[in-house]
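**Q** Here's my sequence, what's the structure:
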Amino acid sequence: MVQIAAYAIPTMVLLISLAMVCMAQHHKKVTKEKNKHVLQTLSGLREAIAQNFQYLQILSIVSLFKVRWPPLLSEIWATIRSITTDLITIPSLGCILPHPSSFNEMLARYLIPVVVAVMTLISWLLVRLVHKGLRVCPCRRAQTLRAQLKVRGIQILELLVLTGCLFYSLIVRNGFIVFTCSTGPNGVSSVVIYPHIDCPSTGADLSDWLQLLPFALTYNLIFSVGFTLLVFYAARQVAAHLVRTDFTDSGPWHFVATEFRDTYTWWLFFKMTKDLLINILAAVFTNLGSIQLLSTAVLSTIYGYLCAQHHPYRDTMNNVLEVWCALSVAAICFFASGMGFAYDAEDDYAETALESAGLGEDGTLRAQILLSFQLISFVGGFGITFLQLVAELPGAQRWLPKSVRRREPEDIDAAKEQLQVAFKAADFSKYDAVAVIRNFALLQESRALLHATEWHMQRTGSLARLMPGRHFMAQLIKKESNLSRQLDEDSDDGELSGPQNQGVALSDDEAMPTPEQAGNNESCEYETVRF
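**A** Below is the predicted model of the structure:
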């Protein structure tokens, strides 16, 4: 039976990869339809499901901290690990090796991303073979199927990147699991999920651990650090393409920033960095449960605060859900640390207190409070997702708080008019007309669009304070404006520019130039807006 499962699970992975590859072209076709509202709604719901799943991944990591969780909560943690960790763990791969062992099982874990990537590429090749084979069939149905099976390489890359981002926390955890150890009753430290593999400690047998060390370091270098840098590179490419096209097109790497507003193309990288730091700190302070909890809580709090301040997601409900998940993790970790569930040594007071019969009622109360925190976090996360679905029903928007309602075109236009007032009142003397359009588009995608009021405009007074600080985009705008001005100067061949090309100040009585006016005034020599 084990041998059958050993071959059945990889085969199932291949079939799933084949189905996902076949759906890639269909997804691209659907996204070109005119009903943008339905597509945005489905995109927001898909992101909400992914956010809940990523929240469960973080909880599965927290469950392995040096913490004595209450029995009922431990069962909940085990259930969470079964629906998160087990999805990317194929234990049958270790069973088909000549000598099944925990060491071989760890090697099989490291090969999972490679196996998934190889299966996806094999599926792509099979689809391409079918696509070429249908060319000889003249019937109409075959040609229609052939058109649907045309999948490009960038779509396969998109599939791999998005799958990696969805399971990123668990992929990183697989790399750091060798460094996540726990001290046993005999005083020897061992890998938390494989007690047979000893970690560096007094009296430990490090033969298996040292054999795994090179594989773990290579895995982390490629999948933990390398994949994160790939997303960072993709975010910069999206930002550069947005600037070159005046914020009308995101380019081929658009899939890393589909759910985020144009000035937050880097937010996925920021989120992945947070998850990476949680895993690193958990491995560094492997036998210090209180520090593991507190570091995770601080990182989650900072991330939740920044998300609440910047509103990086296009859908408001996704912002609310992201803040809720981050603060839920922080609250659970803070409470578990403050109430003494973490212990940092073999004879730690917390361990003794929780096992002491004299403190049984107190320990039960603390366990019940912690369990209540966890249940509330579950209800809140899934409740926000349900509310996001119900909000699309006719007439439901008017019952929602104004801060979480869907932004209607009329509201966006009104906010743009307010931003135009701020733009005219800004303390800048000269503008490049093209740069004005680009900077104004940048400003429209900032959080100022969500918070712009007349009082805020009067209090701020300067455009520089309203900008979200997207320095990379600002540098690209300045670079392209300087290049455009240099090309214009070269084309003039040394001739003096006429009065129509002189710098014109943007006074309070003047309106913002339209894109058409900017296109007719490309040769002007104005200073670029600075952030």
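
**Q** Helix or strand with the lowest mean pLDDT in the protein?
**A** When each helix and strand of the chain is scored by mean pLDDT, DSSP states H and E, helix 463-466 comes last, with a mean of 37.

**Q** Strands of the chain, start to end?
**A** With strands called from DSSP state E, the chain shows them at 181-183, 189-191.

**Q** Return the most buried member of the ones you listed.
**A** strand 189-191 (a mean of 21; mean count of other Cβ atoms under 10 Å). Just so you know, the C-beta spots here come from the backbone N, C-alpha and C atoms, and that holds for glycine as well.

**Q** what's the closest of the strands of the chain to residue 299?
**A** strand 181-183 (21.2 Å; Cβ to Cβ).

**Q** Save the strands of the chain as CSV, and put in mean pLDDT too.
**A** Formatted as CSV, these follow (pLDDT from 0 to 100):
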stretch, mean pLDDT
strand 181-183, 78
strand 189-191, 81
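
**Q** looking at those strands, which is closest to residue 303?
**A** For the strands of the chain, the distance to residue 303 is smallest for strand 181-183, at 26.5 Å, taking Cβ to Cβ.

**Q** Which residues outside the closest one are in contact with it?
**A** By Cβ atoms under 8 Å, 6 or more residues apart in numbering, the list of residues contacting strand 181-183 from outside reads 66, 189-192, 199, 201, 286-287, 346.

**Q** wait, which of those is closest to residue 82?
**A** Among those, residue 192 lies closest to residue 82 (Cβ to Cβ), at 16.3 Å.

**Q** Can you get me a residue count around that closest one?
**A** 19 (other Cβ atoms under 10 Å).

**Q** ok, now which ones touch it?
**A** Per Cβ under 8 Å, 6+ apart, neighbours of residue 192: 64, 177, 180-182.

**Q** Determine which two of those residues are furthest apart.
**A** It's 177 and 182 that sit farthest apart of the contacts of residue 192, by Cβ to Cβ, at 11.5 Å.

**Q** what about residue 251, distance to residue 266?
**A** According to Cβ to Cβ, to the nearest Å, residue 251 stands 15 Å off from residue 266.

**Q** Same drill for the two, tell me which one is more crowded.
**A** residue 266 (22 against 15).

**Q** Tell me the confidence at the more buried one?
**A** We note a pLDDT of 85 for residue 266 in this prediction.

**Q** and the closest residue to it other than its chain neighbours, how many residues sit next to it?
**A** Residue nearest to residue 266 in three dimensions, not counting chain neighbours: residue 235, with 4.3 Å by Cβ to Cβ, 6 or more residues apart in numbering. For residue 235, the count of nearby residues is 22 (other Cβ under 10 Å).

**Q** Spit out the contact partners of residue 235.
**A** Contacts of residue 235 by Cβ under 8 Å, 6+ apart are 253, 256-257, 265-266, 268-269.

**Q** Please apply the same query to residue 174.
**A** For residue 174, the contact set (Cβ under 8 Å, 6+ apart) comprises 88, 109-110, 112, 219.

**Q** Just the ones in helices from those residues, please.
**A** Members of those lying in helices (criterion: DSSP state H): 109-110, 112, 219.
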